[in-house]
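**Q** Just to be clear, the model below is a prediction. Sequence and coordinates:
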Number of protein chains: 2
Amino acid sequence: MRIVALAGGIGGARFLRGLLAAVGPQDEITVIGNTGDDIHLYGLKVCPDLDTVMYTLGGGIHEEQGWGRADETWSIKAEMKEYGIGPEWFGLGDRDFATHLVRSQMLTAGYTLSQVTEALCVRWKPGVRLLPMSDDRVETHVRITDEQGSRAIHFQEYWVKLHAAVDAEAIIPIGADTAKPAPGVLEALAGADVILFPPSNPVVSIGTILAVPGIREAVAAAPAPVVGLSPIIGGAPVRGMADKVLAAVGVEATAEAVALHYGNRTALRSSSGNGGGGRQEGLLDGWLVDTADEGAVAAVEAAGIACRAVPLLMTDVEATAEMARAALSLAEQVRK
Amino acid sequence: MRIVALAGGIGGARFLRGLLAAVGPQDEITVIGNTGDDIHLYGLKVCPDLDTVMYTLGGGIHEEQGWGRADETWSIKAEMKEYGIGPEWFGLGDRDFATHLVRSQMLTAGYTLSQVTEALCVRWKPGVRLLPMSDDRVETHVRITDEQGSRAIHFQEYWVKLHAAVDAEAIIPIGADTAKPAPGVLEALAGADVILFPPSNPVVSIGTILAVPGIREAVAAAPAPVVGLSPIIGGAPVRGMADKVLAAVGVEATAEAVALHYGNRTALRSSSGNGGGGRQEGLLDGWLVDTADEGAVAAVEAAGIACRAVPLLMTDVEATAEMARAALSLAEQVRK
């Protein structure tokens, strides 16, 4: 079976680890990774979401933290402080720096981000084919208003420095409108047997991937069933601050509202997300909500999306594998 | 007193520490640092000699090693090995990497190496004005013949990887012929009260500095006395493998031969070193040899260079300060 998953960082990576545990050796998983979180720091290209997937599936992740490397050292960060060079709020450990050095050197030499990612995965052997959503530079910015006035700041500054404590007024995936899907992305979607939306952030992770022209259309047009898992449980994000960016696109932080935001695949829906303007095709055939949100099932089904309530807390790999099995099972049920 | 010293890496840096201990707060020391050892690694600009001076005088050096940082960690090196990316033979620790990251980012932003060095020194406060010999790229290569045939390799590969175990056939400071002295270099030499050649490598350190068009001429024309300290004691380099590169320019590894290689400042001498071709002006007014080389004093003086034998082992800062005092004292004796 050929499974394609769109993925952000921590939530996506943890789901993928469960998915890998749920499938067999004959199954092929292609991951389309969000690169809208990418940031240039110290002259290096940092791809937090791609790296989180790579480190998590490759056994190098800092388990408790969910991002960055296990057994990390922090010498460079300490030195940068001595040099008076920021940003202090972004945590790049020494081991992590090595990845960014290799990536940046390859990019400068003329390799594409796809090629670099493939090269890095030679070491990490994540067990999936990891594709960036695009080889073109896309960086998500967030419009806020604070004592400095109204301005757009890099997503990482909003998320990591400000902890999303200020309201997000708009999410702007800069560069997305002219970005092209990376080689293999559209082909993977067209050839998939199942397409999954892990419980990643619907706006700044999966939403940004879908904002690359051609990707949303390819998901909508794919012959495979599309099943998503709610990142919202009981009216709050399981982790992260998804509610803040959902509010920016006018979506309530409920399992039901996120499903309707993605939309029923059989109908056009009015656009409220990234890439905005006009009506867009809906994307979902199926949707999993947590058992805490059993009450949402009827409303989601009423909107034409098959919905099941199952435990959605990724407490360990086996619990996550069970979520993946439920998603694959729902995909079979909705397969035309 | 305005003192100008030409300096390479470890030997030069240790001498400068002694010099700083020997002079008073009213004295100004300008160091013209060798950049011919510079190398680009992992997309970063590494300046080993400038950094050794900066770290040594700024209190950050690894004392026993003589290069690199105290309390260093080696996470990036371990990661690079996992990624299969070399060179494994070059030791860049994590703290050291921070310096190269800052430098490279500033260079990419358009600052000159002089400006970057000044910025780095804001942190390190070396107590001297540290100038690179040039803002232009100069990289010393060494011609060797081995089982792979005759070829020129980067000086660092010759020195660090091969440990100078193969004969050096020629020393080629690539880029030196078109390099310009960095801002302030010629002015410092013209305005100096004393010019010192520390016991640095006469070929690949001081020789490379002198190979930048204008610098040798400025030393020769300077009103200040020029005094050097022999890096050769008892027919062998105190540290390093200076004998190998001296052989490449046809100079014996003796305290006397090195003095004659620099030449008597009052006469032209036939060129045998970097920048070759024709006759060049001699540079030395005075020369210090170690007490073990007392026998060389007469021959050096016969060549028109004032010479004294004093202990030249830099065993500690006070012993080194005593060497510096001897050099300054000899400068006073030869001052016209």
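**A** Great, that's in hand.

**Q** Quick check, pLDDT for residue A:307.
**A** Residue A:307 is assigned 98 on the pLDDT scale.

**Q** Could you look up the SS state of it?
**A** Secondary structure state of residue A:307, per DSSP: H, G, I helix; E, B strand; the rest coil, is strand.

**Q** again, but for residue A:6
**A** Put simply, residue A:6 is strand when judged by three-state DSSP.

**Q** Ok, residue A:167 next?
**A** Per three-state DSSP, the secondary structure class of residue A:167 is coil.

**Q** what about it, neighbour count?
**A** Neighbours of residue A:167 under the rule other Cβ atoms under 10 Å in any protein chain shown: 13. Glycine gets a C-beta too; all of them are placed from N, C-alpha and C.

**Q** who touches it in this structure?
**A** Residues near residue A:167 by Cβ atoms under 8 Å, 6 or more residues apart in numbering or on different chains: A:144, A:145, A:244, A:247, A:248.

**Q** are any of the residues you listed buried, and which?
**A** Applying 16 or more other Cβ atoms under 10 Å in any protein chain shown to the contacts of residue A:167, the neighbour count classes A:144, A:244, A:247, A:248 as buried.

**Q** okay, these in JSON lines with secondary structure, pLDDT and distance to chain B next?
**A** Converted to JSON lines, these look like this (DSSP: H, G, I helix; E, B strand; the rest coil; pLDDT from 0 to 100; distance: Cβ to the nearest Cβ, whole Å):
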{"residue": "A:144", "secondary structure": "strand", "pLDDT": "96", "distance to chain B": "27"}
{"residue": "A:244", "secondary structure": "helix", "pLDDT": "90", "distance to chain B": "31"}
{"residue": "A:247", "secondary structure": "helix", "pLDDT": "94", "distance to chain B": "36"}
{"residue": "A:248", "secondary structure": "helix", "pLDDT": "93", "distance to chain B": "32"}
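
**Q** Of the residues you listed, which is the nearest to residue B:235?
**A** residue A:144 (71.2 Å; Cβ to Cβ).

**Q** bridging residues for the closest one?
**A** Counting by DSSP bridges, residue A:144 is bridged to residue A:151.

**Q** still on that earlier bit, now the contacts of residue A:167 as TSV including distance to residue A:109?
**A** TSV is the format used below for these (distance: Cβ to Cβ, whole Å):
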residue	distance to residue A:109
A:144	37
A:145	42
A:244	38
A:247	42
A:248	38
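
**Q** Could you list the contact residues of chain A toward chain B?
**A** Neighbours of chain B within chain A, by Cβ under 8 Å from any Cβ of the partner chain: A:42-44, A:72-73, A:75-76, A:78-80, A:82-85, A:93-95, A:97-99, A:101-102, A:104-105, A:108, A:120, A:123.

**Q** Type out the ChimeraX command that picks the buried ones from these.
**A** Paste this into ChimeraX to select the buried members of those, with burial taken from 16+ other Cβ under 10 Å:
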select /A:42,43,44,72,73,75,76,79,80,83,85,93,94,95,97,98,99,101,102,104,105,120,123
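
**Q** Filter the residues of chain A next to chain B down to the ones in strands?
**A** Mapping the residues of chain A next to chain B onto strands (DSSP state E) picks out residue A:44.

**Q** ok so residue A:318 is a helix residue?
**A** Yes. The assignment for residue A:318 is a helix, going by three-state DSSP.

**Q** List just the nearest of the contacts of residue A:167 to residue A:179.
**A** Checking the contacts of residue A:167 against residue A:179 with Cβ to Cβ, the nearest one is residue A:248 at 20.6 Å.

**Q** Name the nearest residue to the closest one, sequence neighbours excluded.
**A** Leaving aside its sequence neighbours, residue A:248 sits nearest to residue A:168 (Cβ to Cβ, 6 or more residues apart in numbering or on different chains; 3.9 Å).

**Q** Just list the residues touching that neighbour, thanks.
**A** A:142, A:143, A:144, A:158, A:244, A:245, A:247, A:248.

**Q** mind checking how far the helix or strand containing residue A:321 is from the chain centre?
**A** Using DSSP states H and E, the element containing residue A:321 is helix A:317-334. Counting by Cα atoms, centre = their mean, to the nearest Å, helix A:317-334 is centred 18 Å from the centre of its parent chain.

**Q** Stretch A:37-45 now?
**A** 18 Å.

**Q** Repeat that for stretch A:289-309.
**A** Relative to its parent chain, stretch A:289-309 has a centroid offset of 22 Å by Cα atoms, centre = their mean.

**Q** first to last residue in it, what's the distance?
**A** 5 Å (Cα to Cα, to the nearest Å).

**Q** Can you point out the buried residues in it?
**A** Within stretch A:289-309, the residues that count as buried by 16+ other Cβ under 10 Å are A:289-290, A:293, A:296-297, A:299-300, A:303, A:305-309.

**Q** Out of these, which comes closest to chain B?
**A** Nearest to chain B among the buried residues of stretch A:289-309: residue A:290, at 38.0 Å, using Cβ to the nearest Cβ.

**Q** Contacts only, for residue A:27.
**A** Contact analysis of residue A:27 by Cβ under 8 Å, 6+ apart lists A:1, A:2, A:3.

**Q** From residue A:323, how far out is it?
**A** From residue A:27 across to residue A:323, the span is 16 Å (Cβ to Cβ, to the nearest Å).

**Q** neighbours of residue A:166, just the number please.
**A** Neighbours of residue A:166 using other Cβ under 10 Å come to 15.

**Q** Helices along chain A, start to end?
**A** A:10-22, A:48-58, A:75-83, A:94-108, A:113-124, A:155-156, A:185-190, A:206-210, A:215-221, A:242-248, A:255-262, A:297-302, A:317-334 (DSSP state H).

**Q** Which strands and helices lie in contact with the fourth one?
**A** Right, the one you point to is helix A:94-108. Where contact means 3 or more Cβ pairs under 8 Å, 6 or more residues apart in numbering or on different chains; DSSP states H and E, helix A:94-108 is packed against strand A:44-46, helix A:75-83, helix A:113-124, helix B:75-83, helix B:94-108.

**Q** Then the first one?
**A** Secondary structure elements in contact with helix A:10-22, counted by 3+ Cβ pairs under 8 Å, 6+ apart, are strand A:2-7, strand A:28-33, helix A:48-58, helix A:317-334.

**Q** Please tell me I have it right and residue A:261 contacts residue A:201.
**A** No. Residue A:261 is beyond contact range of residue A:201, at 11.7 Å (criterion: Cβ atoms under 8 Å).
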